[in-house]
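Enquirer: please find the sequence and the predicted model below.
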Amino acid sequence: MPFEPVQRPAGLSDLAYDQLRSRILDGQFPTGRRTSVVSIAEQLNMSRSPVRAAVERLVNEGLLVVTAVGIDLARLDHRDLIDGLQVRSRLEGLAARLATNRLSGADLDTLRDNLTRFKSAVRSGDTLTARRLDLDFHSVIRDNCGNGLLVENLRRVQARVIVATYTTAWVSAHEVVVDEHEAILKALEARDADAAERAAIEHLERLIGRVQAHFETATN
């Protein structure tokens, strides 16, 4: 007996998902003040069904939680943050390796421009912009790796790490991150896949060390 066609909201649910996910990653999703499908639907000027479908996707990705009193960001602790970074380090390394010879001149220009704006945000103390540019830098590399499964998994892990920094702490060692991004970019410009992979992994492993040191200091 054949399966019945599955009806799914097309278009609007994807739009709601993109809007909600962007707000989460930009730090604009209300934390500590739970919201609801009804409230979100009103803000997006949509019916509840596509919003509900979008929320379910984000719950499945570990970015939101739904309780009896509403919708909130997933409450991730510092262990979740470190776990995410450990997985992300290897995926980022592979993405950099695969993207090395796939990045176009325009892509490299995008990374150079990102790095310039990232430096400016760091020097001006604009943490929100720096956080967004940090993710954008890695997203350009991720999206040019040519491996759909890697893109899917890395995109999910990157988002979880971002949410974990909102619900735990953001380690503000941005000047160091600028240097680490520069090392990745130089390797990509040289079309050196080994160096690009190594620089990407070292960047995330050093971040893990900074996060661990931060929480050890905070608990002592």
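Expert: Done, it's in. For clarity, every value in this text was computed on a predicted model and none was experimentally measured. Numbers count the residues shown, from 1 in each chain.
Enquirer: shaky segments in this structure?
Expert: 1-10, 31-33, 167-174, 218-220 (pLDDT under 70).
Enquirer: could you pull out the strands in it for me?
Expert: 64-67, 70-73 (DSSP state E).
Enquirer: okay, now the sheet partners of the first one, with direction.
Expert: Read that as strand 64-67. strand 70-73 (antiparallel) (DSSP bridges).
Enquirer: domains in the protein, by residue range?
Expert: 12-73, 78-218 (the TED database).
Enquirer: would you reformat the ones you listed as TSV and include mean neighbour count?
Expert: The way it works is simple: take the backbone N, C-alpha and C, and place the C-beta from them, glycine included. Below are the domains of the chain laid out as TSV (neighbours: other C-beta atoms under 10 Å):
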stretch	mean neighbour count
domain 12-73	16
domain 78-218	17
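Enquirer: ok, the closest residue to D80 other than its chain neighbours - contacts?
Expert: Leaving aside its chain neighbours, D80 sits nearest to A164 (5.1 Å; criterion: C-beta to C-beta, 6 or more residues apart in numbering). By C-beta atoms under 8 Å, 6 or more residues apart in numbering, A164 lies in contact with L76, D77, H78, D80, L81, G84.
Enquirer: how about a cut-off of 6 Å?
Expert: Going by C-beta atoms under 6 Å, 6 or more residues apart in numbering, A164 touches L76, D80, L81, G84.
Enquirer: next one: V140
Expert: Contacts of V140 (C-beta under 6 Å, 6+ apart): T110, L111.
Enquirer: cutoff 10 Å now
Expert: A99, L103, D107, L108, T110, L111, N114, L188 (C-beta atoms under 10 Å, 6 or more residues apart in numbering).
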